[in-house]
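Enquirer: Let me see the structure of the following:
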Amino acid sequence: MAKGFIFTPANPAEVRNAFNKSLLAAREQIHTDCDYYIRVDTGTMRDTAQMAFNPADMELDIEWVTPYAEKVYHSGNPSRDQNPNASLKWAEKAGKRYGEDWGRIIAKGMGGEYRGRTE
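Expert: Down below sits the predicted model:
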């Protein structure tokens, strides 16, 4: 049996509006969950996180805007002095760990029920 979110919309615009509202509701949790794994030295990079919401594409992007963020996201050896949970690719790690929770927040905001990821 495939799992997934079931929502029968009256029209496509209704789906887009409901999803976009729900995604905005989930964004603070997504940010918090990414911070759980982010590399921290002075905290500058963590504090530069910016979230961009594109309603037309129904996407939410998070980006850290220091000159070195992309490099340390993909490589190196994260120090765990300031954050014992520090990891490479912290947003991906957060997504794997908390993605189901994000799905529940979005589904609830759409008036539905999240039943897990489909594979």
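Enquirer: how close does the spatially most central residue of the chain get to Leu24?
Expert: Here the mean C-alpha position of the chain is nearest to the C-alpha of Ile30 (C-alpha atoms, centre = their mean), at a distance of 3.9 Å. With distances defined as C-beta to C-beta, to the nearest Å, the gap from Ile30 to Leu24 amounts to 11 Å. Where C-beta positions appear, they are placed from N, C-alpha and C, glycine not excepted.
Enquirer: mind listing the strands for the protein?
Expert: Listed from the start of the chain, the chain has strands (DSSP state E) covering 49-54, 59-64.
Enquirer: For the ones you listed, could you give me JSON lines that also reports distance to Ile106 and mean neighbour count?
Expert: Written out in JSON lines, the entries for the strands of the chain read as follows (distance: least, C-beta to C-beta, whole Å; neighbours: other C-beta atoms under 10 Å):
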{"stretch": "strand 49-54", "distance to Ile106": "13", "mean neighbour count": "12"}
{"stretch": "strand 59-64", "distance to Ile106": "10", "mean neighbour count": "15"}
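Enquirer: Adding distance to Gly111, write the ones you listed out as a markdown table.
Expert: Written out in a markdown table, the entries for the strands of the chain read as follows (distance: least, C-beta to C-beta, whole Å):
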| stretch | distance to Gly111 |
| --- | --- |
| strand 49-54 | 20 |
| strand 59-64 | 19 |
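Enquirer: mind checking which of the ones you listed is nearest Glu92?
Expert: When those are compared for distance to Glu92 using C-beta to C-beta, the nearest one is strand 59-64, at 11.2 Å.
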